[in-house]
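> Sequence and computational prediction follow.
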Amino acid sequence: MKNSTKRMLALLLAAALGVTALTACGQKEEPKNETSASAQLTASAAEPKTEDKEPEPEPAPEKRDDLVVAMESEPPTLHPFDHNAVTAGYMNLLTYNSLFKTDPYTLEPVPDLCKSYEQVDDVTWRFTIYDNVTFHDGSHMTAEDVKASMEYARNYPTTKLYSAFWTDVKVVDEYTVEVTTDGSYALTLLDMSSNKIVPKALIEQDNDFNLNPVGSGPYKFVSQSLGDKLEFEAFDDYFDAGHQPVIKHLTWRIIPEGSSRTIALEAGEVDFLIEVEANDMGRLREDEAVEVQTVSGTRMNFFSMNNEVAPFNNALFRKAVNCAVDRDAVLTVALNGEGVKATGTCPSVFPGTSQDNVEEYDFEKAQQYLEQSGVDVSDLTFSCIVSNDTTRRAAEVVQANLRELGVEMTIESLDYAAWLQDVMGGTYETAITGYTSASLARYLKGSIHTSAMNAANQARVSDSKLDAWIDLGMTQTDEDESNATFREATAYLNSLTPYVPLYESIVTRAYNSSLQGVVVGASGNVHFEDISWAD
């Protein structure tokens, strides 16, 4: 490595690791009492003697019923279907329910609105919902709302991952629907967990669910101040009595800068951090007023290359880039070591992930691949778009690594909404991106399958062999069989190198230590309806 690049990385590492008012108090002299001494004695004698009493204890402060959450990016929408954004997903958890939800510990689907269900045959499922579910507008939920919502979701390309599995939805009775799948399908219940249920009447009225997000969730939307905050209040008629919100007033503040979020938590201006600045983790862990919770996550973060545009449509050039990137340096600079270095293209936590055909940092091999690719880098320059402090630091390491290879890359910081639009629409060259899912099948179908183009297929991958493996694995209900299929798929994916895997995230949340009931899942979701302030 050239000395200039070594110096650049050293500077990046160093950068990542690296009024009292006085008041004079004077007491005014009290005016002298002009009463005569004899009068004072008379008054004193007239006053009855009283025994010294202990002061009354001050009343205990009222238990808080509000909570302020800080996150770095504003959700692009509050709509349940018209997005593929993690931040919008956090909002959807507050305001909507599905027939199933994901267990935070196992990531398996468990019943939510669904009271009972059965698999009638290989392609037929029958679901019965609770009969006491009320929407935020006061209307009563029935099977008609379930059918209408599942059909409505298909209007949005971003729902392809979880709305394409069925061929028919039939209302059986007031609270029962029958769903027919397109052949044997292993992820029916998981896909049902993504289908939010909204009032049929509002769908028919062309309600804008971004402006008026009416669902049946534990919180009702109150207001949004763009760029500042969103406010929600507890839904008193929430159907699930065991999870009735104790926190009545919930505010989400938008604070883009990581250290500012940390300071706000330390000062008591906010109570809960969704994204924790990696460089502040040490001091937050030492703060007795703060609790830091970390769990292994399912999110893979990568240097995404648009496979549809030159030179990234050249597999050998992509391999050159892959071998040129020092993942250890990325992990240190971007996350202060708070993560897991990625090797293969898929999260290692999933049993069907293969490490075959994985190539790590090897500068000499990068030079060989570059020569074999035939790409002339003498005047090659391309951009990398990023959306926050962490991804910018990661991009700076990649930039220094590629400069050593003779490749120039510029870095462009965008707000989250603009970044998301470019990445999902394929109007970019490279980007620091990421993807998370509850299963390897969903991960592959959502981020790699051709059908996910213009959704979460960020690298614009389209390969018929990959699609066939993914489709097959999703029909295999036997876990060993599906894992074997996915191991073949991921080994092949590693050889294609559609993007450079950088790191697997550790999910971290920091919050006021007086909060109780906080459960952080591997997907990063938090159920705020289960959180309360300690007595």
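Yep, that arrived.
> Tell me, domain by domain, which residues of the chain belong where.
97-204, 298-506 (automatic domain parsing).
> May I see the buried residues of the longest helix seen in the chain?
Among the segments of the chain that qualify as a helix by DSSP state H, the longest is helix 479-496. By neighbour count on 16 or more other Cβ atoms under 10 Å, the buried set for helix 479-496 is 482-483, 485-494, 496. (Glycine included, C-beta is placed from N, CA and C.)
> Any chance of those in TSV with pLDDT and distance to Glu412 as columns?
Below are those laid out as TSV (pLDDT from 0 to 100; distance: Cβ to Cβ, whole Å):
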residue	pLDDT	distance to Glu412
Ser482	96	40
Asn483	96	39
Thr485	98	39
Phe486	98	35
Arg487	98	37
Glu488	98	37
Ala489	98	33
Thr490	98	31
Ala491	98	34
Tyr492	98	32
Leu493	98	28
Asn494	98	29
Leu496	97	26
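> could you dump these to CSV with distance to Leu94?
Output for the buried residues of helix 479-496, formatted as CSV (distance: Cβ to Cβ, whole Å):
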residue, distance to Leu94
Ser482, 33
Asn483, 34
Thr485, 36
Phe486, 33
Arg487, 37
Glu488, 40
Ala489, 35
Thr490, 34
Ala491, 40
Tyr492, 40
Leu493, 35
Asn494, 38
Leu496, 38
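> Tell me where the stretch 151-300 of the chain has strands.
Per DSSP state E, counting those that start in this stretch, the stretch 151-300 of the chain carries strands over the ranges 166-173, 176-181, 219-225, 229-234, 249-254, 272-273, 290-305.
> neighbouring strands for the fifth one, and are they parallel or not?
By that I understand strand 249-254. strand 66-71 (parallel), strand 229-234 (antiparallel) (DSSP bridges).
> in the protein, what secondary structure element scores lowest on mean pLDDT?
Lowest mean confidence among the helices and strands of the chain (mean pLDDT, DSSP states H and E): helix 37-46, at a mean of 37.
> Specify the stretch among the domains of the chain that is closest to Glu529.
Of all these, domain 97-204 sits nearest to Glu529, with 11.0 Å by Cβ to Cβ.
> Might you calculate how far the closest one sits from the centre of the chain?
Averaged C-alpha coordinates place domain 97-204 at 23 Å from its chain's average position (Cα atoms, centre = their mean, to the nearest Å).
> Give me the most central residue, the protein.
Compute the mean C-alpha point of the chain, and by Cα atoms, centre = their mean the closest residue is Val86, 4.1 Å away.
> Now for that residue: which residues touch it?
Taking Cβ atoms under 8 Å, 6 or more residues apart in numbering as the criterion, Val86 is in contact with 436, 524.
> buried residues in stretch 147-154?
For stretch 147-154, by 16+ other Cβ under 10 Å, it's 147-150, 152-153.
> Any chance of those residues in JSON lines with pLDDT as columns?
Output for the buried residues of stretch 147-154, formatted as JSON lines (pLDDT from 0 to 100):
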{"residue": "Lys147", "pLDDT": "99"}
{"residue": "Ala148", "pLDDT": "99"}
{"residue": "Ser149", "pLDDT": "99"}
{"residue": "Met150", "pLDDT": "99"}
{"residue": "Tyr152", "pLDDT": "98"}
{"residue": "Ala153", "pLDDT": "98"}
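> Can I get those in CSV including distance to Tyr369?
Shown next, in CSV, are the buried residues of stretch 147-154 (distance: Cβ to Cβ, whole Å):
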residue, distance to Tyr369
Lys147, 52
Ala148, 52
Ser149, 48
Met150, 46
Tyr152, 47
Ala153, 42
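> The strands paired with strand 249-254: which one's closest to Gly473?
Nearest to Gly473 among the strands paired with strand 249-254 is strand 66-71 (34.0 Å), distances taken as Cβ to Cβ.
> What is the subsequent helix or strand relative to that closest one?
With elements assigned by DSSP states H and E, the helix or strand that comes after strand 66-71 is helix 86-95.
> Show me the shaky parts of the stretch 301-450 of the chain.
Within the stretch 301-450 of the chain, no range satisfies pLDDT under 70.
> All the helices of it, residue numbers only.
Counting by DSSP state H, counting those that start in this stretch, the stretch 301-450 of the chain has helices at residues 315-324, 327-335, 363-373, 389-404, 416-425, 440-447.
> CA atoms only for stretch 347-361, dumped as CSV, please.
C-alpha atoms of stretch 347-361 as CSV (Å, rounded to 0.1, in the frame of the first residue of the first chain):
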residue,chain,number,x,y,z
PRO,A,347,-25.9,-12.5,7.0
SER,A,348,-24.0,-15.3,8.7
VAL,A,349,-26.7,-15.7,11.4
PHE,A,350,-28.9,-17.7,8.9
PRO,A,351,-28.2,-21.4,8.7
GLY,A,352,-28.5,-21.5,4.9
THR,A,353,-25.7,-19.0,4.3
SER,A,354,-22.6,-20.3,2.5
GLN,A,355,-19.1,-19.0,2.9
ASP,A,356,-18.0,-20.8,-0.3
ASN,A,357,-16.4,-18.5,-3.0
VAL,A,358,-15.8,-15.8,-0.4
GLU,A,359,-12.9,-13.4,-1.2
GLU,A,360,-11.6,-11.0,1.4
TYR,A,361,-9.2,-8.1,1.4
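> hmm, back to that, what helices and strands are in contact with the longest helix of the chain?
Applying 3 or more Cβ pairs under 8 Å, 6 or more residues apart in numbering; DSSP states H and E, one finds that helix 479-496 contacts helix 440-447, helix 464-475.
> now what about the longest one, what contacts it?
It refers to helix 464-475. In contact with helix 464-475 (Cβ under 8 Å, 6+ apart) are residues 183-187, 352, 441, 444-445, 448-451, 482, 485-486, 488-489, 492-493, 496.
> where does the stretch 101-250 of the chain dip in pLDDT?
Scanning the stretch 101-250 of the chain residue by residue, none of them satisfies pLDDT under 70.
> That one: helices as residue ranges?
Under the criterion DSSP H, counting those that start in this stretch, the stretch 101-250 of the chain contains helices at 143-153, 160-163, 188-192, 200-204.
> So which of these is nearest Pro104?
For Pro104, the closest of the helices of the stretch 101-250 of the chain is helix 188-192, at 14.4 Å, according to Cβ to Cβ.
> How about exporting that closest one as CSV, limited to the C-alpha atoms?
Backbone C-alpha positions of helix 188-192 (Å, rounded to 0.1, in the frame of the first residue of the first chain) are rendered in CSV as follows:
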residue,chain,number,x,y,z
THR,A,188,-47.1,-17.8,4.1
LEU,A,189,-47.3,-16.8,7.8
LEU,A,190,-44.2,-14.5,7.5
ASP,A,191,-45.7,-12.7,4.5
MET,A,192,-49.0,-12.3,6.3
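> sorry, back to before: most tightly packed of the helices and strands packed on helix 479-496?
Each of the helices and strands packed on helix 479-496 was assessed for mean neighbour count using mean count of other Cβ atoms under 10 Å. The highest is helix 440-447, with a mean of 25.
> contact partners of that one?
For helix 440-447, the surrounding residues in contact (Cβ under 8 Å, 6+ apart) are 161, 186-187, 190, 298, 300, 346-347, 350-353, 435-437, 451-452, 455-459, 466, 470, 473-474, 482-483, 486, 489-490, 493.
> which residues touch Ser348?
The neighbours of Ser348, taking Cβ under 8 Å, 6+ apart as the test, are 340, 342, 355, 504.
> measure stretch 161-178 end to end?
20 Å (Cα to Cα, to the nearest Å).
> I misspoke; the intended subject was stretch 434-450.
18 Å.
> residues near Ala88, how many?
Counted with other Cβ atoms under 10 Å, residues neighbouring Ala88 total 22.
> quick one: contacts for the closest residue to it other than its chain neighbours?
Nearest-residue entry for Ala88: Pro75, 4.2 Å, with adjacent residues in sequence omitted and distances by Cβ to Cβ, 6 or more residues apart in numbering. Pro75 is in contact with 83, 85, 87-88, 90-91, 230, counting by Cβ under 8 Å, 6+ apart.
> Equivalent analysis for Phe486, please.
Here Phe486 is in contact with 350, 352-354, 440-441, 444, 469-470, 473 (Cβ under 8 Å, 6+ apart).
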